[in-house]
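> how would this look folded up:
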Amino acid sequence: MEDSITAREGYLILFYIFATIIYELWYLTAYLYWWLSSIVIPSLMIILSVFIVLRISRSNYNIKHDLLNYIPVFAVIFSAFEYPMYEFSYINVIISVLAASFLLLIYFIVRSDYKYLFIILFIFSFNVFMFLHAVSPYGTDEISFDYYSTLKILDGINPYKLIITNSVLQRLGINPQFYTPLLTGGHVENLSYPALAFLIFIPAVLLKFVPGIIIAVFAFFTLVMLFVFYKNRPKSYFFVAALITINPVYFLYSISGITGYVWLLLLSVSFYTFSKNNIKLSGAFYGLSLAAKQLPVYIAIPYLYIVYKRSGIKGSLYFVIFSIIGFLPENIYFIYVSPLKYISDIISPISEPLIGIGFGFSQVSFLNVFYIAPAYFSYISIVTMILLSFLFILYYPDSYYWLFMIPVIVLQLNYRALFNYIIFWPILCLMLINTEPVIEGAKKLNKSNVLKLIRARYAKIFLTLFIVIIIVAGLGMHSESKNDMRINIENEYIVNSNVSYIIVNVTGVNITPEFRAFFGPDMYTANGVIFNETVVYKNSKYEIINLTPAYNYYLPVSKNIEIVGYYNNIQASAHLIIS
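So this is what the prediction gives:
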């Protein structure tokens, strides 16, 4: 492949710059203008993804020159988003742009041997990773749960039978703002991940170093894998390295304890070995990626299909068998000793009543703009994943470069559209654009008049029906989700520019709801400010509740504070205006 920036890569960076602008707009509006952050921007993202699908449907398999098929636009746009919680976000952007500019400058001025520069960059990056991870060992409840599970498994205790309480998290030193609250009160107290998620930390426990360094190693070798994909095009490697460097959250999220680099590295190795036609090894590493996190399941159907296109039914069977072989060794013991508990923990991210969070369409619901029960978002996510997998097969090989976009689109529809679920997929997209699809079988299929008819006439009808069904189902579940709970703010008390407590009057329900608050673009926690509730007075018609920020949270005085009360599928809100 030619060692230069191709047209598709040029278009990619233009879309990336556009995405950065969108990010800045979102940063300024998120949690400030609910309707804009929760409806307009996600709608633009979905419209863009639908545009890509429709554009692919008009393609004539001109793989070499059909630029839109090469550009994982949707995924890359989302890679430019960042939660507006970091007070130093703009500093990150400036530093990252300077670093990316440096890399691109090197690309244009360096004409000869690159290898020494690569060695220097990698050594520097590796040391920075190690230092920063040592400084910040626990930035999320996820890595804390994993590390605690590792401690217990070495003591001979099954971590899937543990209850991880507040006291445990406090001993580990995790900031309460990273807890995962439940819609029914309290927070998640169980391990929610496959076994490899905590087994990788055994060296950290035995050798007594902070677990974040393990993640740093995976992050570092993910960049090495990216280089492997571009090893025959060193100039272009500078290009893709700049794309990653320009976005600080790739490293910030790793440093803060997000373990995504583990499954990302394993999945990238799987895809690389697939590109080298080693189906068995590819399947084994795909199984390992599933053993580290559930997220790779979102590409299971299209991934298996491209394996089938390359290796036929026999190769597909080998892929499935070796995926199982890659997954089972780490998990088989826990499945054997407590199968029901293991399964319930693994599916708990979609089965437990977790609070809504993130930047997807679910903002409409959990910010109480247009409340819809959380189950709705699980349904549409599953249906969307199936539909996109169907379209991937229908439009292959044009859809080949869309492989790692599918999870980005689906995950944005989840009730918890967490940024760390999405941030790592664009790295896989950058690996994908430097490979070629297997098209022999697809060319034969394209000669089928039946397939032509389906593609030309019915696929767009399916999309239209899907959108109509989603809207109708949402309106229906909104009607079913209506409740009589009402919240009125009676009084608030302010100390040193922070809201010390709020008195609210709740009517229409016979339970004491949970409460949280959202405020402006400087909000420091994605969960919102969680409150402790003290019932001051209660009768059959209403109750007076005193709300005080929990976990040493503070609620700064803001012109735009939304108080949301919730319990399971019941929700209401009140707007607090402080002059």
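
> now the strands: where do they sit in the stretch 451-579 of the chain?
Ranges of strands in the stretch 451-579 of the chain, per DSSP state E, counting those that start in this stretch, are 486-495, 498-507, 514-519, 529-538, 542-549, 561-567, 570-576.

> I'd like these as a markdown table, with mean pLDDT, mean neighbour count and distance to residue 309 appended.
Every C-beta, even on glycine, is put in place using the N, C-alpha and C of the backbone. Shown next, in a markdown table, are the strands of the stretch 451-579 of the chain (pLDDT from 0 to 100; neighbours: other Cβ atoms under 10 Å; distance: least, Cβ to Cβ, whole Å):
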| stretch | mean pLDDT | mean neighbour count | distance to residue 309 |
| --- | --- | --- | --- |
| strand 486-495 | 88 | 14 | 55 |
| strand 498-507 | 90 | 18 | 58 |
| strand 514-519 | 90 | 23 | 46 |
| strand 529-538 | 92 | 16 | 49 |
| strand 542-549 | 93 | 19 | 55 |
| strand 561-567 | 91 | 22 | 46 |
| strand 570-576 | 90 | 20 | 46 |
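
> Select the longest helix from this structure.
helix 300-337 (DSSP state H).

> Would you mark the buried spots in it?
If you call a residue buried by 16 or more other Cβ atoms under 10 Å, then helix 300-337 has these buried ones: 301-311, 315-316, 318-320, 322-323, 326-327, 330-331, 334-335.

> and residue 533, what are its bridge partners?
residue 547 (DSSP bridges).

> residues contacting it?
Residue 533 makes contact with 512, 513, 514, 515, 545, 546, 547, according to Cβ atoms under 8 Å, 6 or more residues apart in numbering.

> Burial check on the second one, number of neighbours?
Each residue near residue 513 was counted by other Cβ atoms under 10 Å, and the total is 22.

> mind starting the numbering at 55 from now?
Sure thing, new numbering starts at 55, so read that last one as residue 567.

> The chain - how does it break down into domains?
Using automatic domain parsing, the domains assigned to the chain come out as 61-191+265-524, 540-630.

> Quickly, which of those domains bottoms out on average pLDDT?
Lowest mean pLDDT within those: domain 61-191+265-524, a mean of 70.

> so what's the spatially closest residue to residue 391 that is not a sequence neighbour up against?
Once flanking residues are discounted, residue 391 sits nearest to residue 212: 6.0 Å by Cβ to Cβ, 6 or more residues apart in numbering. Residues near residue 212 by Cβ under 8 Å, 6+ apart: 206, 388, 391, 392.

> With residue 553 instead?
Taking Cβ under 8 Å, 6+ apart, one finds 546, 547, 603, 609, 610, 611, 615, 630, 632 in contact with residue 553.

> Just give the nearest non-adjacent residue to the first one, would you?
In space, residue 546 comes closest to residue 556 once its chain neighbours are excluded; the distance is 4.8 Å by Cβ to Cβ, 6+ apart.

> Ok, the second one next?
The shortest distance from residue 547 to any residue other than its chain neighbours is 4.7 Å, reached at residue 554 (Cβ to Cβ, 6+ apart).

> and the one you found, what does it touch?
Shown in contact with residue 554 (Cβ under 8 Å, 6+ apart): 547, 548, 602.

> distance of it from residue 548?
Per Cβ to Cβ, to the nearest Å, residue 554 is found 7 Å from residue 548.

> Equivalent analysis for residue 522, please.
Taken as Cβ to Cβ, the span from residue 522 to residue 548 is 48 Å.

> go on, residue 375?
Remark: distance between residue 375 and residue 548 (Cβ to Cβ) = 64 Å.

> coming back round to it: distance of the residue nearest to residue 546 from residue 626?
Plainly put, residue 556 is 15 Å away from residue 626 if you go by Cβ to Cβ.

> likewise residue 471?
Plainly put, residue 471 is 22 Å away from residue 626 if you go by Cβ to Cβ.

> For the strands of the stretch 505-633 of the chain, give me JSON lines that also has distance to residue 202.
Listed next are the strands of the stretch 505-633 of the chain as JSON lines, based on distance: least, Cβ to Cβ, whole Å:
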{"stretch": "strand 540-549", "distance to residue 202": "36"}
{"stretch": "strand 552-561", "distance to residue 202": "32"}
{"stretch": "strand 568-573", "distance to residue 202": "25"}
{"stretch": "strand 583-592", "distance to residue 202": "22"}
{"stretch": "strand 596-603", "distance to residue 202": "26"}
{"stretch": "strand 615-621", "distance to residue 202": "28"}
{"stretch": "strand 624-630", "distance to residue 202": "32"}
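
> Between those, which one is closest to residue 438.
strand 624-630 (23.8 Å; Cβ to Cβ).

> ok, that closest one: who's next to it in the sheet?
Strand 624-630 sits in its sheet next to strand 615-621 (antiparallel), going by DSSP bridges.

> Do I have it right that residue 335 meets residue 327?
Yes: if you go by Cβ atoms under 8 Å, residue 335 and residue 327 touch, sitting 4.4 Å apart.

> Tell me which residues touch the nearest residue to residue 230 once chain neighbours are set aside, please.
In this structure, residue 230 finds its nearest non-sequential neighbour in residue 605, 3.4 Å apart by Cβ to Cβ, 6+ apart. Contact analysis of residue 605 by Cβ under 8 Å, 6+ apart lists 230, 231, 233, 584.

> what's the spacing between residue 605 and residue 572?
Counting by Cβ to Cβ, the gap from residue 605 to residue 572 is 16 Å.

> same question, residue 537
Residue 537 is 20 Å from residue 572, by Cβ to Cβ.

> and if you look at residue 367?
52 Å.

> How about residue 320?
For residue 320, the distance to residue 572 equals 36 Å [Cβ to Cβ].

> cool, and residue 448?
Using Cβ to Cβ, we find residue 448 at a distance of 41 Å from residue 572.

> and what of residue 322?
From residue 322 to residue 572 the distance is 36 Å (Cβ to Cβ).

> for residue 489, same thing?
42 Å.

> Residue 318 too?
30 Å.

> swap in residue 482?
Relative to residue 572, and taking Cβ to Cβ, residue 482 is found at 32 Å.
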